[in-house]
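[1] could you look at this predicted model? Sequence included:
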Amino acid sequence: MAETDTTAALAPRLAEAIRDKLISGELKPGQRLSEAALCADFEVSRNSLREAFRLLTKEGLLQHEPNRGVFVATPSIASIIDIYRVRRLVETQALANAYLNHPAIARMRAAVEAARAARDRNDWTSVGSENMKFHAAIVDLADSQRLNGFYAQIAAELRLSFGLLKEPELLHSPYVEMNAEILQKLEAGDPKGAAAALEAYLSQSERTVLAAFSRI
C-alpha cells in the first residue's frame with residue numbers, strides 16, 4: 001500500500017518533469033523513451049515512471065506501442081490547427097486584459113532578450129525555448145493556475161510540432177522581433193494593441209508551421 005501511495009503522489013510530478021523536457025525541445029517526436037535512463041535521471045522506480053507515462057499518454061503527448069515501448073507522440077495537422085485555435089482564445093485574452101504592472105511582463109522581457117542573444121549565436125533550439133517561455137508568461141498574465149496547467153500541455157504539443165520541422169531558423173527567426181513588438185505595446189500601456197499584434201503573430205506562425213509540416 002505504501003508503494004502504491006508513493007507512486008500515485010510522485011507520478012504527476014514526474015509527468016510535469018517529462019512535459020518540461022518536451023517543452024524545452026529535449027525530447028523529439030517519435031523518440032523512444034528509455035525507462036532505465038529516465039529512472040536513473042529522476043531517481044524513481046519503474047512503477048512511478050510508468051504511471052507518469054500513463055498520464056502523459058492520456059494527454060496525447062506519449063504513445064505506447066505493444067512489444068516496442070513508449071514513444072514521444074507525433075502531432076497531426078489537425079492537432080496543430082487545434083493548438084493554434086486554443087492559443088488564440090487563451091493568449092490574446094490574457095494580453096488584452098493584462099494588468100500593466102504584472103510580474104510576468106518582466107519574464108516576457110527576459111525571454112525576448114535571451115532569444116535575441118541565442119539568435120545572434122545561431123542557437124535556434126534556445127531561441128525556440130525562449131519563445132515558449134515568452135508565451136507561457138503571457139498566459140501567466142491571467143493569474144490562473146488551472147489555465148497555466150492546461151497551457152503546459154498545449155505548449156508541449158506545440159514544441160513537438162516544431163520538432164518535426166527541418167528549418168529551425170526559418171521557423172523561429174521572424175518571431176523574435178514580433179515578440180519584442182508585442183512586449184513593446186504592452187509596456188507602452190496598450191494591451192489591446194499587444195493582443196492584436198499577437199493575433200497577427202499567431203496567424204503567420206500557424207501558416208509557417210503548416211506549410212513546413214506539409215513538406216515533411
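    Sure thing, it's come through. All figures in this text were calculated on a predicted structure; none of them were measured in a lab.
[2] now do the helices in this protein.
    Assigned by DSSP state H, the chain shows helices spanning 2-23, 35-42, 46-58, 77-96, 104-120, 124-140, 145-163, 168-187, 191-214.
[3] leaving out chain neighbours, which residue sits closest to the most centrally placed residue in the chain?
    With distances taken as C-alpha atoms, centre = their mean, Ala155 lies nearest the centre of the chain, 2.4 Å away. The shortest distance from Ala155 to any non-neighbouring residue, by C-beta to C-beta, 6 or more residues apart in numbering, is to Ile23 (5.1 Å). Every residue, glycine included, has its C-beta placed from N, CA and C.
[4] which ones are touching that neighbour?
    Each residue near Ile23 by C-beta atoms under 8 Å, 6 or more residues apart in numbering is listed here: Ser129, Met132, Ala152, Ala155, Ala156, Arg159.
[5] just the buried ones from the residues you listed, in ChimeraX syntax?
    Under the burial definition 16 or more other C-beta atoms under 10 Å, those of the contacts of Ile23 that qualify are selected in ChimeraX by:
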select :129,132,152,155,156,159
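[6] okay, angle between the helix or strand bottoming out on mean pLDDT in the chain and helix 35-42 too, please.
    One helix or strand of the chain scores below all others by mean pLDDT, DSSP states H and E: helix 2-23, with a mean of 79. For helix 2-23 against helix 35-42, the angle by axes from the mean of the first three to the mean of the last three C-alpha atoms, to 10 degrees is 90 degrees.
[7] from Glu16, how far off is the residue nearest to Ala155?
    Distance, Ile23 to Glu16, using C-beta to C-beta, to the nearest Å: 10 Å.
[8] overlap in contacts, those two.
    Contact with both Ile23 and Glu16 is made by residues Ala152, according to C-beta under 8 Å, 6+ apart.
[9] dump the helices of the chain to JSON lines, plus distance to Glu65.
    Formatted as JSON lines, the helices of the chain follow (distance: least, C-beta to C-beta, whole Å):
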{"stretch": "helix 2-23", "distance to Glu65": "17"}
{"stretch": "helix 35-42", "distance to Glu65": "14"}
{"stretch": "helix 46-58", "distance to Glu65": "11"}
{"stretch": "helix 77-96", "distance to Glu65": "19"}
{"stretch": "helix 104-120", "distance to Glu65": "35"}
{"stretch": "helix 124-140", "distance to Glu65": "27"}
{"stretch": "helix 145-163", "distance to Glu65": "17"}
{"stretch": "helix 168-187", "distance to Glu65": "28"}
{"stretch": "helix 191-214", "distance to Glu65": "22"}
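[10] great, nothing more from me.
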